[in-house]
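Colleague: mind folding the following:
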Amino acid sequence: MTQAERVAESAQRLMEAAIELIAEKGFQRTAASEIAERAGYSRTMVAARYGSKEALLEPEFQPRMRPDLGDTKGLERLQHWISFIREQARAEPALIRAIYALVFEAAGPVPSLQPWMTDWLQQCTDDAADALRAGQADKTVRADIDPDAEAQQFVSSGVGLGFQFALDNNLEKFEAGLARWAERFERARAT
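Modeller: Model (predicted):
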């Protein structure tokens, strides 16, 4: 393997180990050395390469929860996002539990996560509001919908469903909640 391939492989293994451990134990109770060991590396690998476990996670987690939605607009954009989360939950349930552990630990025991999580949630809200505005412009979203308020509701619903899944680890219940979430936003469709 080339050096670049080895670096990419080790980054992937470290991320997978971090997801597993954070889903199992939470962020605060997961040590950087544990992440490195679970990935099959020396205890100092995360610190040597990234400096901290936060620095390992930030560039990797956000893309996994904010899909590339391409040219979709309006409600299709939000529905695609919900479908993406459903697919992520089926493929990587530990990822969903880990991301929501990070969200809630940022509000409490790990204040170093607050800026990153606040920024991520704001980006999600902004993306949802932009999608709704685009839908209003192309007349696929009702004109009487407040895009900012609906976007906040969209993100809050997702966070709530994720928190419930993080607590009970019930994929069937999570998927039913995602279906209700998708139905709720269908009501904004222009007729």
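Colleague: how far away from the center of its chain is the helix or strand of the chain with the lowest mean pLDDT?
Modeller: Ranking every helix and strand in the chain by mean pLDDT, DSSP states H and E puts helix 53-65 at the bottom, with a mean of 78. Distance of helix 53-65 from its chain centroid, counting by Cα atoms, centre = their mean, to the nearest Å, is 9 Å.
Colleague: how about the residue nearest to the spatial centre of the chain, nearest residue that isn't a chain neighbour?
Modeller: Central residue check for the chain by Cα atoms, centre = their mean: the C-alpha nearest the mean position is that of residue 65, 3.1 Å away. If you skip the residues right next to it in sequence, residue 65 has residue 99 as its closest partner in space, 5.6 Å away by Cβ to Cβ, 6 or more residues apart in numbering. All C-beta spots, glycine's among them, are computed from the backbone N, C-alpha and C.
Colleague: now swap in residue 110 and tell me
Modeller: Residue nearest to residue 110 in three dimensions, not counting chain neighbours: residue 28, with 5.2 Å by Cβ to Cβ, 6+ apart.
Colleague: so the one you found: helix, strand or coil?
Modeller: Here residue 28 is recorded as coil under DSSP: H, G, I helix; E, B strand; the rest coil.
Colleague: wait, it sits on residue 105?
Modeller: Yes: applying Cβ atoms under 8 Å, one finds residue 28 in contact with residue 105, separated by 5.8 Å.
Colleague: more neighbours: which of these two?
Modeller: residue 105 (20 against 13; other Cβ atoms under 10 Å).
Colleague: grab the nearest non-local neighbour of that one.
Modeller: What sits nearest to residue 105 in space, not counting adjacent residues and going by Cβ to Cβ, 6+ apart, is residue 27, at 4.9 Å.
Colleague: ok, residue 143 - contacts?
Modeller: By Cβ atoms under 8 Å, 6 or more residues apart in numbering, residue 143 lies in contact with 136, 190.
Colleague: element containing it, please.
Modeller: Taking DSSP states H and E as the definition, one finds residue 143 inside no helix or strand.
Colleague: how far away is it from residue 156?
Modeller: Distance, residue 143 to residue 156, using Cβ to Cβ, to the nearest Å: 23 Å.
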